[in-house]
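1. kindly generate the corresponding structure for this input.
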Amino acid sequence: MEKGKLVKISYNGYVNGKLFDTTDEELAKKEGIYSPTMIYGPVTVSVGSGMLVPGLDEALLEMEVGEERELELPPEKAFGKRDPSKVKIVSIKEFKKHKVNPVVGMPITIDGNVGKVASVNGGRVLVDFNHELAGKPVKYVLKVEEVVEEPEEIVKELIKLYMPRTNTDDVKIKLTKNTATINLPENTVFMKNLQMIKMAIANEIIKRLGVEKVSFVDTFLKKKEEKNEEKKE
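-> The predicted model follows:
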């Protein structure tokens with residue numbers, strides 16, 4: 001598979017024989033890891049671009065459409081080796097300052113770093129900033145479902161990639177030889193870092209489709225209440 005290609009993949013990830021991640025909703029429910037906030041189904045990735053753990057990225061470069069592989073990945077090809085320097089002692093006063101009562105297993109973000117409370121002992125809290133699967137070998141069953149090649153589909157999949165909660169059925173796309181115009185639904189306007197996301201999508205479209213200009217159109221519709229008020233008058 002060529003580096004940089006957009007492909008749709010499905011996968012199941014296992015650690016010690018137990019499923020920890022999957023794109024299969026039914027399997028997630030069956031194995032007791034289903035989350036209503038997760039978006040299930042094949043996911044779109046750019047081959048060899050660091051969007052996956054290293055072992056999966058490398059495997060994709062060697063795979064073809066429709067191919068499925070079972071991959072045993074050592075820690076350095078998965079979520080990395082455990083780094084003792086990422087285990088920090090934090091004063092319980094810091095937690096109290098923010099009115100937080102630390103308990104073992106609690107996820108916590110400090111200075112932008114996400115970790116988990118490993119232990120609470122007196123006035124000291126041990127926080128582990130390693131990935132929870134760091135240091136563990138994992139197994140993946142990986143399948144390449146499809147290569148995304150049609151220009152409009154490339155735009156839609158890029159929007160899914162950068163704006164996963166956006167329903168692309170509500171996105172209108174117009175492509176010409178030199179331009180791409182994207183009409184986004186109204187509910188995207190409050191999205192965090194929207195301008196940076198638009199810039200990233202635009203750069204990808206320019207690179208992949210060779211257009212010279214990408215325009216985003218935000219559409220705002222009159223509310224039903226306002227229409228009803230006008231009728232009453």
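2. the longest helix in this protein is where?
-> helix 194-209 (DSSP state H).
3. after that helix, which helix or strand is next?
-> As assigned by DSSP states H and E, the chain's next helix or strand after helix 194-209 is strand 213-218.
4. what's the closest non-adjacent residue to R69?
-> L142 (5.4 Å; Cβ to Cβ, 6 or more residues apart in numbering). C-beta coordinates here come from the backbone N, C-alpha and C atoms, glycine included.
5. about what we covered before: chain center to the longest helix of the chain: distance?
-> Relative to the centre of its chain, helix 194-209 is centred 16 Å away, using Cα atoms, centre = their mean, to the nearest Å.
6. what helices or strands is that helix leaning on?
-> On a contact count with 3 or more Cβ pairs under 8 Å, 6 or more residues apart in numbering; DSSP states H and E, helix 194-209 meets helix 151-162, strand 179-184, strand 213-218.
7. CA atoms of whatever helix or strand the residue nearest to R69 lives in as CSV?
-> For L142, the element it lies in under DSSP H and E is strand 138-147. Extracted C-alpha coordinates of strand 138-147, given in CSV (Å, rounded to 0.1, in the frame of the first residue of the first chain):
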residue,chain,number,x,y,z
VAL,A,138,-0.6,-6.8,22.0
LYS,A,139,-2.3,-8.6,19.2
TYR,A,140,-4.3,-7.0,16.4
VAL,A,141,-6.4,-8.5,13.7
LEU,A,142,-6.2,-5.9,10.9
LYS,A,143,-8.1,-5.7,7.6
VAL,A,144,-7.9,-3.2,4.8
GLU,A,145,-11.5,-2.7,3.7
GLU,A,146,-11.2,-0.1,1.0
VAL,A,147,-8.9,2.5,-0.7
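8. buried ones in it, by neighbour count?
-> V138, K139, Y140, L142, K143, V144, E145 (16 or more other Cβ atoms under 10 Å).
9. would you mind putting these into JSON lines with pLDDT and distance to A180 alongside?
-> Below are these laid out as JSON lines (pLDDT from 0 to 100; distance: Cβ to Cβ, whole Å):
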{"residue": "V138", "pLDDT": "99", "distance to A180": "38"}
{"residue": "K139", "pLDDT": "99", "distance to A180": "40"}
{"residue": "Y140", "pLDDT": "99", "distance to A180": "34"}
{"residue": "L142", "pLDDT": "99", "distance to A180": "31"}
{"residue": "K143", "pLDDT": "99", "distance to A180": "30"}
{"residue": "V144", "pLDDT": "98", "distance to A180": "26"}
{"residue": "E145", "pLDDT": "98", "distance to A180": "25"}
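10. list the contacts for the residue lying closest to R208 once chain neighbours are set aside?
-> Using Cβ to Cβ, 6+ apart and skipping residues adjacent in sequence, the residue nearest R208 is I154, 5.7 Å away. I154 sits next to L6, V148, I205, R208, L209 when contact means Cβ atoms under 8 Å, 6 or more residues apart in numbering.
11. and if we set it to 7 Å?
-> I154 makes contacts with L6, V148, R208, L209, as judged by Cβ atoms under 7 Å, 6 or more residues apart in numbering.
12. likewise D83?
-> N130.
13. distance of it relative to L133?
-> When distance is defined by Cβ to Cβ, to the nearest Å, D83 is 13 Å away from L133.
14. swap in N187?
-> Distance of N187 to L133, given as Cβ to Cβ: 34 Å.
15. of these two, who's got more company?
-> Each of N187 and L133 has its neighbours counted (other Cβ atoms under 10 Å); L133 has more, 18 against 11.
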